[in-house]
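Engineer: Quick one: sequence and predicted model below, then my questions.
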Amino acid sequence: MIKDYDRQRSVAYALKWSLKSNPAFYHFGGIGGDCTNFISQCLLAGGGVMNYDKYNGWFYNSASSRSPSWTGVEFLQKFLLTNKGKGPFAAAVELKNLEIGDIIQLRQNPTHFNHTLIVTQIKNGQIFVSAHSNDAQNIPFATYPYLEVLPLHILGVRV
């Protein structure tokens, strides 16, 4: 069964926790970055369902019991674009087709995607994002440098 992704709830979570860490989740800032962990929390707030598939899932129980897709930029990308099981799923779109609660992934280096952001406001066609690692709340997406961008529109959540 597919349910709607609650964009308002996801954005509310992002705005509440973008400048601090939710103590219910480990903060990975000192060991590779916390951006995708934060985005996964936002996606969970808007969807409410994890995917506990051992090999292709998306879940968090603790810092030592989580899927690679919970904290890894490219692993989350693969999960969202290919997920046929429980949890959120997405499609790659153009920036102009994003809505609040959608995510943007950036490749800021020559080899791989390395940063994940959540769209928390769209005003007069301008996208504003929130993120962790370099904590940010509702800042213009246009301020981010990148070599490649992957906008991901969350289509829904399988329960």
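Structural biologist: Right, received. Where do you want to start?

Engineer: So Ile104 versus Ile127, what's the distance?
Structural biologist: Distance from Ile104 to Ile127, counting by C-beta to C-beta, to the nearest Å: 8 Å. C-betas here are computed from N, CA, C, even on glycine.

Engineer: shared neighbours of those two, anything?
Structural biologist: Common contacts of Ile104 and Ile127, defined by C-beta atoms under 8 Å, 6 or more residues apart in numbering, comprise Leu95, Leu98, Val119, Phe141.

Engineer: In PyMOL, how would I select the buried members of the residues you listed?
Structural biologist: Entered in PyMOL, the line below selects the buried ones among these, by 16 or more other C-beta atoms under 10 Å:
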select buried, resi 98+119+141
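
Engineer: What is the nearest of the shared contacts of Ile104 and Ile127 to Gly47?
Structural biologist: Closest approach between these and Gly47, by C-beta to C-beta: Val119, at 15.5 Å.

Engineer: My read is that that closest one contacts Ala131, right?
Structural biologist: No - contact criterion C-beta atoms under 8 Å: Val119 and Ala131 do not qualify, at 10.6 Å.

Engineer: follow-up on the earlier one: please identify which of the shared contacts of Ile104 and Ile127 is nearest to Asn109.
Structural biologist: Nearest to Asn109 out of the shared contacts of Ile104 and Ile127 is Phe141 (C-beta to C-beta; 18.4 Å).

Engineer: hang on, the earlier thing: dump the shared contacts of Ile104 and Ile127 to JSON lines, plus pLDDT and secondary structure.
Structural biologist: Conversion of the shared contacts of Ile104 and Ile127 to JSON lines gives the following (pLDDT from 0 to 100; DSSP: H, G, I helix; E, B strand; the rest coil):
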{"residue": "Leu95", "pLDDT": "98", "secondary structure": "helix"}
{"residue": "Leu98", "pLDDT": "98", "secondary structure": "coil"}
{"residue": "Val119", "pLDDT": "98", "secondary structure": "strand"}
{"residue": "Phe141", "pLDDT": "98", "secondary structure": "helix"}
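
Engineer: Since that was my last question, I'll sign off now.
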